[in-house]
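Engineer: Got a predicted model here, sequence first, then my questions.
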Amino acid sequence: MQIYLPIAEISVNIFLILGLGGGVGFLSGLFGVGGGFLITPLLIFYGIPPAVSVATAANQIVASSVSGVFAHWKRGNVDLKMGLVLLGGGIVGSTVGVWVFAWLRSLGQIDLVISLCYVIFLGIIGGMMLFEATRAIFRTRRRGGPIRRSKKHQHSFIHGLPFKMRFYRSGLYISALLPLAIGFFVGMLTALMGVGGGFVMVPAMIYLLGMPTGVVIGTSLFQIIFVTANVTFLQSVQTQTVDVALAILLLIGGVIGAQFGAQFGSRLKAEHLRALLGLLVLSVCLKLLFDLVIEPKDLYSIMPGDL
Amino acid sequence: MSVSMRILMAPILLVALTLALPILALGITAKKASADPLVVDLSNHLVAITTGFTGTKVLLFGAVENEGDVIVTVRGPDQDMVVRRKERKIGIWVNSESARYKNVPSYYASASNRPIDTIAPQDVLIDYRIGLQNQRFVAESDLTDDDHNVYREALVRNMQTAGLFGERPAKISFLSNQLFRTDIHFPANTPTGTYTINVYLVRSGKIVGVKTTPLVVSKTGISAEVYEFAHRYSALYGIIAVIIAVIAGWIASVAFRKR
């Protein structure tokens, strides 16, 4: 059954889009990730204009983060103060990002920048995940012991920065500049790539800020809601590329898929899951890289000029 | 069902139109008075893009009083187009040079009862701008003639790939010596706006009659309203999009709460 998307202005197969949302939802339930970094490239592969894919994915992530944050909020796993500081940076970063997005679009370079961002980030993160997970798999096989954790509260240049703030929930006394900068950077990624940015935010919170792992996911989800909401709003105003119909279809599929994913995931070992996710991320990265490197079928492309 | 109905309707309509012709003729202005009798109509003057739209076809039918050749051209609303060329830079393909064209039809198709170049000589076709190769695209950028040709070809090729420029003229079939019909195809990505359909009657290489009829392509139903709303009240649209997502997320978390 075909449905005409009002903003993307193309007909799509309704079951294919539902299936796409469901598949990514399954994976996000399985691996405990947002899935934005998979849904945007898949929409682009399907033929949805990149600009619409990115803006609509941001809208979809608002919903998936809201549904995820409740459980964490109830268990007190959200560091509100840290979340607000990250959010401050995130709002500024995503606003700048939407502006850069519109500017790149007028230059005809937005597709390239989106693809390059994906290749770089998916390549680094997928590679690291796969490397770390395979090491863990072999280590547990050999010794059966847990993985050595790095020392907490290491002192580095970070602790010399001004504007120190106390974050009681995380038990940290650090400069506000660092979470602001992380928020800003991830906000830019949200605007340019249509991702929640959890895959950058979570490691940054653990390794750069030194936050306890228990509050990381909840706090990251909390601030992602507002940053993606900001991107949805600004893209609607500036580029009119948010397709509500597409977002709703992805949502429905995603919500259902995530439930199956979560059930299935509890049967697999954590490091096996991470290795699988790493492989998946790397294959999306390679597909995007491949499309950039091989000679296109037609070297010329057209675009209406009245943008 | 509707197409076969329309085919049946066509002769009836034609009879009605032919009867009405003398009356119509009185209303025709002086400069068109010399034109040969040529009657044309469409099965539908409005193509509605609804939520389930996957493309459609419109039947064009008409009658000539005396035998002749017929050419039909369909032209969508003009728009500016940017053509970009990719170049390899450090291993990846990057958009580099571009050219901007004004007054490019967003849709173009033609039809004729036999190959167009056997109906009329080239200079007549150029004068009336009949056929894809006789459309004049004005480049806004400074281009050499060679570059212009390459970009122009790329523009046409891309529009053809998108299904918006007809690859070759469609067939007009004559039911008798006087009645003719042809289908005009519109793909799923048909641009909206007012289209101009010109029907030319040609006799021994000279255009002896022209009829112009408009066709409107517009979005209707929910998708049209969503589009309108997104462009007119974009801030409100953004807020609503966020609210929908928040509610959907909340419902999902309640519905699938672990028991």
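Structural biologist: Looks like it arrived, so ask away. Numbering: from 1, shown residues only, chains lettered A, B, ... in the order given.
Engineer: From here on, just use CA atoms for contacts and neighbour counts.
Structural biologist: OK.
Engineer: Please give the centre-to-centre distance between the longest helix seen in chain A and its chain.
Structural biologist: Counting residues, the longest helix found in chain A (DSSP state H) is helix A:110-142. Relative to its parent chain, helix A:110-142 has a centroid offset of 14 Å by Cα atoms, centre = their mean, to the nearest Å.
Engineer: Neighbouring strands of the helix or strand that it is followed by in the sheet, and parallel or not?
Structural biologist: Per DSSP states H and E, the first helix or strand lying C-terminal to helix A:110-142 is strand A:164-167. Applying DSSP bridges, strand A:164-167 is found paired with strand A:172-175 (antiparallel).
Engineer: Is there contact, residue-wise, from the longest helix of chain A to chain B?
Structural biologist: Yes - using Cα under 8 Å from any Cα of the partner chain, helix A:110-142 reaches chain B at A:Leu112.
Engineer: Could you tell me the angle between the helix or strand containing A:Gly183 and helix A:110-142?
Structural biologist: Applying DSSP H and E as the criterion places A:Gly183 in helix A:177-193. Angle, helix A:177-193 to helix A:110-142, by axes from the mean of the first three to the mean of the last three Cα atoms, to 10 degrees: 120 degrees.
Engineer: Take helix A:177-193, keep the C-alpha atoms, and write them as CSV.
Structural biologist: The C-alpha trace of helix A:177-193 is given here as CSV (Å, rounded to 0.1, in the frame of the first residue of the first chain):
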residue,chain,number,x,y,z
LEU,A,177,32.6,24.5,30.5
LEU,A,178,33.2,20.8,29.8
PRO,A,179,29.6,19.6,29.8
LEU,A,180,28.6,22.8,27.9
ALA,A,181,31.1,22.0,25.2
ILE,A,182,30.0,18.4,25.0
GLY,A,183,26.4,19.5,24.8
PHE,A,184,27.3,22.0,22.1
PHE,A,185,29.1,19.4,20.0
VAL,A,186,26.4,16.8,20.3
GLY,A,187,23.7,19.4,19.5
MET,A,188,25.5,20.2,16.3
LEU,A,189,25.5,16.5,15.4
THR,A,190,21.8,16.3,16.1
ALA,A,191,21.1,19.1,13.7
LEU,A,192,23.4,17.8,11.0
MET,A,193,23.0,14.1,11.2
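Engineer: mean confidence score for that helix?
Structural biologist: Averaged over helix A:177-193, pLDDT sits at 92.
Engineer: Next secondary structure after it?
Structural biologist: In N-to-C order, the element after helix A:177-193 by DSSP H and E is helix A:198-203.
Engineer: Buried ones in the longest helix of chain A, by neighbour count?
Structural biologist: For helix A:110-142, burial by neighbour count (16 or more other Cα atoms under 10 Å in any protein chain shown) applies to A:110-116, A:118-119, A:121-123, A:125-127, A:129-130, A:133-134, A:136-137.
Engineer: cool, stretch A:295-306 as well?
Structural biologist: So stretch A:295-306, judged by 16+ other Cα under 10 Å, has buried residues A:300-302.
Engineer: residues in contact with it?
Structural biologist: B:79-87, B:93, B:100, B:151, B:154-155, B:158 (Cα atoms under 8 Å, 6 or more residues apart in numbering or on different chains).
Engineer: before we move on, back to that, can you spell out which helices and strands pack onto the longest helix of chain A?
Structural biologist: When contacts are defined as 3 or more Cα pairs under 8 Å, 6 or more residues apart in numbering or on different chains; DSSP states H and E, helix A:110-142 sits against helix A:50-74, helix A:80-107, helix A:177-193, helix A:270-293.
Engineer: Only whichever of the contacts of stretch A:295-306 are buried, select them in PyMOL.
Structural biologist: The PyMOL selection below is limited to those of those classed as buried (16+ other Cα under 10 Å):
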select buried, chain B and resi 80+81+82+83+84+85+86+87+93+100+151+154+155+158
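Engineer: Pick out the most distant pair among the contacts of stretch A:295-306.
Structural biologist: B:Gln79 and B:Trp93 (27.1 Å; Cα to Cα).
Engineer: Run the chain-centre distance for the helix holding A:Gly183.
Structural biologist: 12 Å.
Engineer: do that helix and chain B meet?
Structural biologist: No - taking Cα under 8 Å from any Cα as the criterion, helix A:177-193 and chain B are apart, separated by no less than 14.5 Å.
Engineer: B:Asp127 is nearest to which of the helices and strands packed on helix A:110-142?
Structural biologist: helix A:80-107 (36.0 Å).
Engineer: low pLDDT regions in chain B?
Structural biologist: Within chain B, the segments meeting pLDDT under 70 span B:1-36, B:257-259.
Engineer: Tell me, domain by domain, which residues of it belong where.
Structural biologist: For chain B, automatic domain parsing gives the domain ranges B:2-219, B:220-259.
Engineer: okay, those in JSON lines with distance to chain A next?
Structural biologist: Shown next, in JSON lines, are these (distance: least, Cα to the nearest Cα, whole Å):
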{"stretch": "domain B:2-219", "distance to chain A": "4"}
{"stretch": "domain B:220-259", "distance to chain A": "4"}
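Engineer: ok, now which ones touch B:Thr54?
Structural biologist: So B:Thr54 contacts A:2, A:4, A:11, B:187-188 (Cα under 8 Å, 6+ apart).
Engineer: Can I get the residues you listed in JSON lines including neighbour count?
Structural biologist: Below are these laid out as JSON lines (neighbours: other Cα atoms under 10 Å in any protein chain shown):
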{"residue": "A:Gln2", "neighbour count": "15"}
{"residue": "A:Tyr4", "neighbour count": "23"}
{"residue": "A:Ser11", "neighbour count": "20"}
{"residue": "B:Pro187", "neighbour count": "15"}
{"residue": "B:Ala188", "neighbour count": "20"}
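Engineer: Now the two most distant members of those residues.
Structural biologist: Taking Cα to Cα, no two of these sit farther apart than A:Gln2 and B:Pro187, at 13.5 Å.
Engineer: confidence score at the nearest residue to A:Phe185 once chain neighbours are set aside?
Structural biologist: Spatially, and ignoring its direct neighbours in sequence, A:Phe185 is nearest to A:Gly93 (6.1 Å; Cα to Cα, 6 or more residues apart in numbering or on different chains). pLDDT, A:Gly93: 96.
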